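**Q** okay, sequence plus prediction incoming.
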Amino acid sequence: MKKILIVFIAIQFIGCAELQKVVNQIPNKGILSQGQIGSGLRQALDNGIKHQVSKLTSKDGFYRNQLVKILLPKELQGVDKALRKIGLSNIADEGIKVLNRAAEDAVKTATPIFVNAVKEITFNDAKNILLGEQNAATSYLEGKTKTTLYGKFNPVIKSSFGKVGADKVWKNLISKYNSIPFVKRVNPDLTDYVTTEALKGVFQMIAVEEKGIREKVGLRNTDLLRRVFALQDRS
């Protein structure tokens with residue numbers, strides 16, 4: 001019992017470098033095992049997937065979320081302004097909406113990829129995440145999944161453009177824009193742009209959940225989360 005008390009006191013008064021040494025010794029001190037620390041970090045990421053990523057797959061999950069709403073790429077923002085100036089705001093709004101609809105469709109493919117990545121977290125990964133920046137868990141997940149997700153998202157978004165009528169909407173929108181006198185004609189391929197923006201949105205929302213768990217004890221909704229992140233609180 002005295003040994004456990006000594007470890008708790010040490011955690012309260014030493015910095016992150018020393019905390020890592022203490023965490024290395026935790027299994028022998030009876031506080032938290034390596035497996036428990038890893039499981040706690042997995043729970044935190046699972047919360048981000050469950051509470052935040054799932055929101056993005058619902059109708060208007062991107063479009064009505066100002067943190068991740070996909071707007072026109074910079075080179076096409078003139079199209080939006082020009083259409084609104086001549087009274088075609090509805091067409092401009094619809095053009096933006098279908099970009100976000102495609103992202104919503106694509107994100108539905110993300111969950112199993114995330115779940116597999118979360119299962120692969122090692123104890124060393126968990127230590128680095130626990131003692132890292134506020135988005136360390138999100139950064140870990142991004143590093144493990146971004147390439148795979150891009151490969152999954154891109155064809156879904158391309159298909160979604162056809163399914164939700166984005167190809168027709170954009171053909172109409174660009175046609176209207178190109179008919180305006182003296183404008184520079186454009187003919188963009190938006191699939192890569194929307195894929196990249198969808199990925200940014202996904203990781204941004206996971207980071208929101210992670211930041212909340214790190215900063216607010218009330219969001220640690222299991223005993224294990226509370227115990228694991230108490231180590232971070234004392235660093």
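**A** Yep, that arrived. Residues are numbered from 1 along each chain as shown.
**Q** remind me which residues of this structure are low pLDDT?
**A** Counting by pLDDT under 70, the chain shows low-confidence ranges at 1-30, 75, 164, 167, 173, 186-189, 235.
**Q** let's see that with 80 instead.
**A** Along the chain, segments meeting pLDDT under 80 span 1-32, 73-76, 78-80, 83, 91-92, 163-178, 180, 182-190, 233-235.
**Q** what are the ranges of the helices in it?
**A** 2-13, 16-29, 34-48, 54-56, 77-85, 89-107, 111-119, 123-130, 136-163, 166-178, 191-215, 223-233 (DSSP state H).
**Q** which helices and strands sit right next to the third one?
**A** It refers to helix 34-48. When contacts are defined as 3 or more C-beta pairs under 8 Å, 6 or more residues apart in numbering; DSSP states H and E, helix 34-48 packs onto helix 16-29, helix 111-119, helix 123-130, helix 136-163, helix 191-215, helix 223-233. C-beta here means a position set from N, CA and C on the backbone, and glycine is covered the same way.
**Q** kindly reformat these as JSON lines containing distance to Lys74 and mean neighbour count.
**A** JSON lines is the format used below for the helices and strands packed on helix 34-48 (distance: least, C-beta to C-beta, whole Å; neighbours: other C-beta atoms under 10 Å):
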{"stretch": "helix 16-29", "distance to Lys74": "39", "mean neighbour count": "14"}
{"stretch": "helix 111-119", "distance to Lys74": "29", "mean neighbour count": "15"}
{"stretch": "helix 123-130", "distance to Lys74": "34", "mean neighbour count": "19"}
{"stretch": "helix 136-163", "distance to Lys74": "19", "mean neighbour count": "18"}
{"stretch": "helix 191-215", "distance to Lys74": "10", "mean neighbour count": "21"}
{"stretch": "helix 223-233", "distance to Lys74": "38", "mean neighbour count": "17"}
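**Q** for these, give me CSV that also has distance to Lys97.
**A** As requested, the helices and strands packed on helix 34-48 are exported to CSV (distance: least, C-beta to C-beta, whole Å):
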stretch, distance to Lys97
helix 16-29, 45
helix 111-119, 24
helix 123-130, 36
helix 136-163, 12
helix 191-215, 12
helix 223-233, 37
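**Q** returning to what we had before: quick one, which of the helices of the chain is nearest to Val68?
**A** Evaluated over the helices of the chain, closeness to Val68 peaks at helix 191-215, with 3.2 Å, by C-beta to C-beta.
**Q** center of the chain - which residue?
**A** For the chain, the residue lying nearest the average C-alpha position, counting by C-alpha atoms, centre = their mean, turns out to be Phe203 (1.6 Å).
**Q** got a list of what that residue touches?
**A** For Phe203, the contact set (C-beta atoms under 8 Å, 6 or more residues apart in numbering) comprises 138, 141-142, 146.
**Q** cool, and Arg220?
**A** Applying C-beta under 8 Å, 6+ apart, the residues near Arg220 are 213, 226, 229.
**Q** quick one: which of those residues is nearest Asp46?
**A** Distance ranking of the contacts of Arg220 against Asp46, using C-beta to C-beta, places Ile213 first at 11.0 Å.
**Q** give me the neighbour count for Glu120.
**A** Other residues near Glu120 number 10, with proximity taken as other C-beta atoms under 10 Å.
**Q** ok, it - contacts?
**A** For Glu120, counting by C-beta under 8 Å, 6+ apart, the contacting residues are Lys144.
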